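Novice: sequence below, structure please.
(chains A and B)
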Amino acid sequence: MTEATHEEHAIHDEHIAHGHHDEHDHHGPAKGIMRWVFTTNHKDIGTLYLVTALIMFMVGGAMALVIRAELFEPGMQYVDPNFFNQMTTLHALIMVFGAVMPAFVGFANWMIPMMIGAPDMALPRMNNWSFWILPFAFVMLASTLFMDGGAPAAGWTLYPPLVLQGGAHLPFAIFTVHLLGMSSIMGAINIIVTVFNMRAPGMTLMKLPLFVWTWVITAFLLITVMPVFAGAVTMLLTDKFFGTSFFNAAGGGDPVLYQHLFWFFGHPEVYIMILPSFGVISTIIPTFARKPLFGYSSMVYATASIGFLSFIVWAHHQYTVGMPLAGELYFTYATMLIAVPTGVKVFNWVATMWKGAMTFETPMLFAIAFVVLFTMGGFTGLMMSISPADLQYHDTYFIVAHFHYVLVPGAVFALFAGAYYWLPKWTGHMYDEKLGKLHFWLSTVSVNVLFFPQHFLGLAGMPRRIPDYAVQFAEFNAMSSVGAFIFGFSQLIFVWVVIKAIRGGEKATDEVWEGASEHGLEWTLPSPPPYHTWTTAPDIK
Amino acid sequence: MKKLKLLITGLGIATFGEANADYALNLSPGVTQLSRDIYDLHMYILWICVAIGVGVYGMMVYSIMHHRKSKGAVPAHFHENTKLEVVWTIIPFVILLAMAVPATKVMIEAYDTSASDMTVKVTGYQWKWRYTYLDNGIDFFSTLDAKSNEARQLGVRSNPEAVPNYLLEVDKPLVIPAGKKVRFLFTAADVIHSWWVPKFGWKKDAIPGYVTDAWTKVEEPGIYRGQCAELCGRDHGFMPIVVDVKSEADYGKWVEAQKAQAQKAVADAAKTYSMAELMAKGEEVYNASCAGCHMVNGEGMQGMFPAIKGSSVATGDLNTHLDVVVKGKGQMMPAFGDSLSPVEIAAVVTYQRNGFGNNKGDLVQPSDVSARN
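Specialist: Numbers count the residues shown, from 1 in each chain, chains lettered A, B, ... in the order given. Predicted coordinates:
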């Protein structure tokens, strides 16, 4: 593949797309802090997103450790119950909106233009703005911790009437949600426009890398549901301050209406966090199995079906609110259907490994752990879709175990897999494979010590979101807390691996992974890629 | 579990007391036909998942073992197989149908609240349950028992393991007869709660402005415990449910005793009490109903719950003080007019005005409280 035409050579006579002479001031970034404040470069913005996500991952993780420390043994030891509720609420909001989503947006910013042969995102200035909203939003959210009455303590779902009992934090938390929504919607628009308008000639939709496909579908989910969430929290705001009664039963309103609105957003939100993971895993497994992805087109259709189904199953989060029987059964059947396309994806990944020639570098290890552990979360998800059984599981630690299996060894492991996979491309240096493997094994073992016992706790009758518990739950809670601390501190290894790779190390080749250039355009660029790539679109055969 | 205990103790991380043998690994089959049906459904889906898991993970493990480059594996080049893909779309679909049929049956059963023998209305309050027997007028509140309440205070550090049924005990359990179909109606007075006794097999949300229903029929007498399952504020974790299922004869006796007690309460409200009586009773009521927020020492919580000690309400105008207790204030202070009797309100207000060094010397009689309602 040639990425520079003769014409371009004539114009930029020194510019060689293979990057041996790419450090020219007029092509490179501005110097100093202003480079990052004003940047419109997709790689810089990708880096900003990724660094922010990593910081927020640590902050949200620290909050999780406060929760697990309190739950280590029965009795109240360290925090009062209200602060405990603040921690569970902020932990969730920060991990969802601060860590997982921005990390995937970071991947998207870095990789999508490089994967589709575009020089940058379609709307670079808006891209800068979408990112810079985030730090302000999170400062606003964190500031509620220091307000009278503390941070929101009503769970990440912010159900009324409980959330309306809160004090000064409420408008701050709600405006944070608005800002995060704006950022997400702008990011999503940018991705859709980039993919639809800026693909290299010859790259038809059915030739798009799967990571790009999953992000396009995710972006449509974002655009559709974020406004619904923004609307719902705005209604909370007017209920609290302007005397409306949307959710106030005493004024003729309906608290369950909020739940329907929230979960119309909240269920697709789960897929917003997991579909890009599917893309990352579908990119990594073929590389290390040295085989093309099995069933590319069925993967695309499965992802699209999951995206569609995610809109019509929301009330399975509310099996216990007293819906009519017909509603209950409809949501049961619709939810069960999601198992079919999800199953197709898992079978395709296994078929991709089948008769491959696998090697097990860190990204592949994380990808395999993803398939195994995400599938476990899928199984418990299937169990919970069955509404009569869910009458027992609902709002217990069984649920906590389920969604953490989907989101930690699911989404977060996919992020690690992707980070290790592309780190040499981003930094130009190989990461420390030994440390990477250590990070993998510590994380994988401890994440199971952390979350597996929570299945037992839930089945035995421990409700979620409680700061203290009956004595018979003591052992599994202790075990879970030990797992949490090992998992939490293991992540410092990852931070060190990233810092080490940025600072230096073995020089990465362009292709980085054996045969990777068969799996994507990004591997035909130098490592690290020059500040501006694909100034002339590549030819796609 | 012994191994785990050894492991954890061995790591020097924790030592446990004695009362920790009651762990469980699975759902309980419960004590009603419905809960057993739900348990069977749960096991049925679980085994289907296990079977699928064995297949998928088995394939993966086989590939990882045998199709690795270090063993000289040469990658194949296949990357689609329409037949195979259609097959593994249709088979899960059939499996789902096999799950949907029994699930539908159990759901229809769970929803059938018709032909019940009696009805109890359950109202969720922050943070107690109110049980109203629609058939005979019995009506009372059920809150966390005093021993658990004391042991769960932050910084108290009394050993929770020494408290029997820590956090799963209440002052007054719900009493229902065995062998009768009991219909429950759920609603809430402030925020959303959820009523859950795992051995009955279901939970149901109690939502302000809504009345939802569910039913149970317990064959054997016994005591069954549960907790609120929907986040309902700071004391969400301290809102247990205890159901005492009595034989029909014992239930009848209990109903009679409740009626006698109600008559006595009316008589009590007309009596005049001494300061010592009110202070003793008041302390008991305070610890059960107020200490959760205002703390046992009356110092409250900075920024959240005002102190009683030296507060403008407890040392100011008596009528205002009574109003706050009876009618509540703002969104955080609940109205106690329903949940406490005039005697209890008189006692607790007297206690608040004279305890914690407030020493106002006010003596509030039940008749003063009744007069205000």
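Novice: contacts, neighbours, all on C-alpha from now
Specialist: Will do.
Novice: so which residue is smack in the middle of the chain?
Specialist: Went with chain A since none was named. residue A:100 (3.1 Å; C-alpha atoms, centre = their mean).
Novice: to clarify, I was referring to chain B.
Specialist: Nearest to the geometric centre of chain B sits residue B:227, at 2.3 Å (C-alpha atoms, centre = their mean).
Novice: that residue and residue B:131, how far apart?
Specialist: Here residue B:227 is placed at a distance of 15 Å from residue B:131 (C-alpha to C-alpha, to the nearest Å).
Novice: my read: residue B:349 touches residue B:324, true?
Specialist: No: taking contacts as C-alpha atoms under 8 Å, residue B:349 lies outside contact range of residue B:324: 10.2 Å.
Novice: more crowded one of those two?
Specialist: In this view residue B:349 and residue B:324 are compared by other C-alpha atoms under 10 Å in any protein chain shown, and residue B:349 has more residues nearby, 27 against 18.
Novice: okay, that one: pLDDT?
Specialist: Residue B:349 carries a pLDDT score of 89 in this model.
Novice: hang on, the earlier thing: for the residue nearest to the centre of chain B, list each beta-bridge partner.
Specialist: residue B:240 (DSSP bridges).
Novice: mind listing what it touches?
Specialist: A:463, B:168, B:195, B:196, B:197, B:237, B:238, B:239, B:240, B:241 (C-alpha atoms under 8 Å, 6 or more residues apart in numbering or on different chains).
Novice: what's the answer for residue B:122, then?
Specialist: Counting by C-alpha under 8 Å, 6+ apart, residue B:122 makes contact with B:129, B:130, B:131, B:132, B:184, B:185, B:186, B:187, B:206.
Novice: make sure it is indeed in a strand.
Specialist: Yes: checked against DSSP: H, G, I helix; E, B strand; the rest coil, residue B:122 lies within a strand.
Novice: give me the element residue A:284 is part of.
Specialist: Using DSSP states H and E, residue A:284 falls within helix A:255-289.
Novice: hang on, the earlier thing: would you turn the contacts of residue B:227 into JSON lines with neighbour count?
Specialist: Output for the contacts of residue B:227, formatted as JSON lines (neighbours: other C-alpha atoms under 10 Å in any protein chain shown):
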{"residue": "A:463", "neighbour count": "27"}
{"residue": "B:168", "neighbour count": "21"}
{"residue": "B:195", "neighbour count": "24"}
{"residue": "B:196", "neighbour count": "25"}
{"residue": "B:197", "neighbour count": "23"}
{"residue": "B:237", "neighbour count": "25"}
{"residue": "B:238", "neighbour count": "28"}
{"residue": "B:239", "neighbour count": "27"}
{"residue": "B:240", "neighbour count": "27"}
{"residue": "B:241", "neighbour count": "26"}
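Novice: now render the residues you listed as a markdown table, adding pLDDT and distance to residue A:484.
Specialist: A markdown table is the format used below for these (pLDDT from 0 to 100; distance: C-alpha to C-alpha, whole Å):
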| residue | pLDDT | distance to residue A:484 |
| --- | --- | --- |
| A:463 | 96 | 19 |
| B:168 | 93 | 27 |
| B:195 | 97 | 30 |
| B:196 | 96 | 28 |
| B:197 | 96 | 29 |
| B:237 | 93 | 21 |
| B:238 | 94 | 24 |
| B:239 | 95 | 27 |
| B:240 | 96 | 27 |
| B:241 | 96 | 30 |
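Novice: tell me the one among those residues nearest to residue A:395.
Specialist: Using C-alpha to C-alpha, residue A:463 comes nearest to residue A:395 of the contacts of residue B:227, at 5.9 Å.
Novice: give the contact list for the closest one.
Specialist: A:395, A:396, A:397, B:227, B:228, B:229 are the contacts of residue A:463 under C-alpha under 8 Å, 6+ apart.
Novice: any stretches of chain A with poor pLDDT?
Specialist: Residue ranges of chain A with pLDDT under 70: A:1-27.
Novice: would you map the helices across chain B?
Specialist: All helices of chain B, identified by DSSP state H, fall at B:2-10, B:33-66, B:82-111, B:146-151, B:248-270, B:275-289, B:291-294, B:312-315, B:318-327, B:342-354, B:366-372.
Novice: secondary structure class for the residue in the stretch 151-300 of chain A that chain B sits nearest to?
Specialist: Taking C-alpha to the nearest C-alpha as the measure, the point where the stretch 151-300 of chain A comes nearest chain B is residue A:294, at 4.2 Å. Secondary structure for residue A:294, judged by three-state DSSP, is coil.
Novice: that one touches residue B:77, doesn't it?
Specialist: No: applying C-alpha under 8 Å, one finds residue A:294 not in contact with residue B:77, separated by 9.6 Å.
Novice: between the two, point out the one with more neighbours.
Specialist: residue A:294 (25 against 14).
Novice: within range of chain B, give me the residues from the stretch 51-200 of chain A.
Specialist: A:74-82, A:85, A:148-149, A:153-155, A:160-162, A:165 (C-alpha under 8 Å from any C-alpha of the partner chain).
Novice: could you tell me which of those count as buried?
Specialist: The neighbour-count criterion (16 or more other C-alpha atoms under 10 Å in any protein chain shown) marks A:74-77, A:79-82, A:85, A:149, A:153-155, A:160-162, A:165 among those as buried.
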